[in-house]
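In: next comes the sequence, and after it the predicted model I'd like to discuss.
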Amino acid sequence: MRAVIPLKINNCKTRLSSVLSASEREDLTRAMLSDIVGTLRRSGVEVDLLSTSMEPFDLDVNQIYSDYELNESLNEYLSKTAKHRAPPPSILIVMSDVPLLGEEHVRYISERPEEIVIAPGRHGGTNVLYIKNPATFEVDYYGTSFLDHQAKAKEKNLTTHTYDSFYLSCDMDEPDDLIELLIHGRGEATMLLQKWGFKVRKDHMIDLVRETP
């Protein structure tokens, strides 16, 4: 199995702009990427980084530059993998903002017998997608991609499994999402938020607060 992580650094995570500056959002994205790559490499998985930036990353990855949109980039990647690797490896697509990915999740997915495994995000997205044979599937992200990927698999008569994981559902899109990272995270991204003064305030409701470090 190989993993591919699509990455956008420039002007990333704009929905976090109410709590993080542009440079902080970029730094958080790099920290989340480091956490995800570390988990995958500890799991024995080779990692391809499909990046829209020429910026080199000091990570144990094979960096691939692509200025295409997400679907076009990933489908080209799947097609080339299927054509140029014999036999083609199974592919694990991991979004770059799922820093709570753990080795146990990678192991669970890799041991599933189904041809397609989907770990949904909240609001119908797809955070992690396993494709046993890259020649048999094309991705369709944006919107309710979880439903779209289920429909595509059914159309192609591929067996599917929905991996209902709380940790994999936690993508860091909105300020409140950072609460889950502060509570459950142990990696670089969590430490970076703590360094910046972010804390979880426990009162009548749980809130994200930022204090001057």
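Out: Received the coordinates, thanks. Computed from a prediction, not measured in an experiment: that's the story for all the values here.

In: contacts and neighbour counts: CA atoms only from here.
Out: Will do.

In: quick one: low-confidence ranges for the protein?
Out: Along the chain, segments meeting pLDDT under 70 span 204-205, 213.

In: and the longest helix for it?
Out: Counting residues, the longest helix found in the chain (DSSP state H) is helix 22-42.

In: now for it, which elements pack on it?
Out: Counting contacts by 3 or more Cα pairs under 8 Å, 6 or more residues apart in numbering; DSSP states H and E, helix 22-42 packs against strand 46-51, helix 103-110, helix 188-195.

In: most tightly packed of the ones you listed?
Out: strand 46-51 (a mean of 21; mean count of other Cα atoms under 10 Å).

In: elements contacting whatever helix or strand comes next after it?
Out: Later in the chain than strand 46-51, the nearest helix or strand by DSSP states H and E is strand 62-65. Applying 3+ Cα pairs under 8 Å, 6+ apart, one finds that strand 62-65 contacts strand 46-51.

In: just want the most central residue of this protein.
Out: Nearest to the mean C-alpha position of the chain, by Cα atoms, centre = their mean, lies Met95 at 1.9 Å.

In: quick check on it: phi, psi?
Out: phi -70, psi 150 (degrees, to the nearest 10).

In: Pro120 too?
Out: Dihedral angles (degrees, to the nearest 10) for Pro120: phi -80, psi 150.

In: ok, it to Tyr167 distance?
Out: Going from Pro120 to Tyr167 by Cα to Cα, to the nearest Å gives 10 Å.

In: the more surrounded of those two?
Out: Pro120 (24 against 19; other Cα atoms under 10 Å).

In: residues contacting that one?
Out: Thr126, Asn127, Val128, Phe146, Thr162, Tyr163, Asp164, Leu168, Ser169 (Cα atoms under 8 Å, 6 or more residues apart in numbering).

In: which one of the residues you listed sits closest to Met1?
Out: Nearest to Met1, judged by Cα to Cα, of the contacts of Pro120 is Val128 at 13.7 Å.

In: what about the closest one, neighbour count?
Out: With other Cα under 10 Å as criterion, Val128 counts 24.

In: report the beta-bridge partners for it.
Out: Val94, Ala119 (DSSP bridges).

In: look up how far Glu69 lies from Ser96.
Out: 15 Å.

In: so between those two, which is more surrounded?
Out: Under the neighbour definition other Cα under 10 Å, Ser96 and Glu69 were set side by side, and Ser96 has more, 25 against 9.

In: thought Ala3 was touching the more buried one, still the case?
Out: No - using Cα atoms under 8 Å, Ser96 is not in contact with Ala3, being 11.5 Å away.

In: and Asp173, how far is that from His123?
Out: With Cα to Cα as the criterion, Asp173 and His123 are 12 Å apart.

In: more neighbours, the two?
Out: Neighbour tally, Asp173 and His123, criterion other Cα under 10 Å: the higher count belongs to Asp173, 15 against 11.

In: for Thr136, what are its contacts?
Out: With Cα under 8 Å, 6+ apart, Thr136 has these contacts: Lys156.
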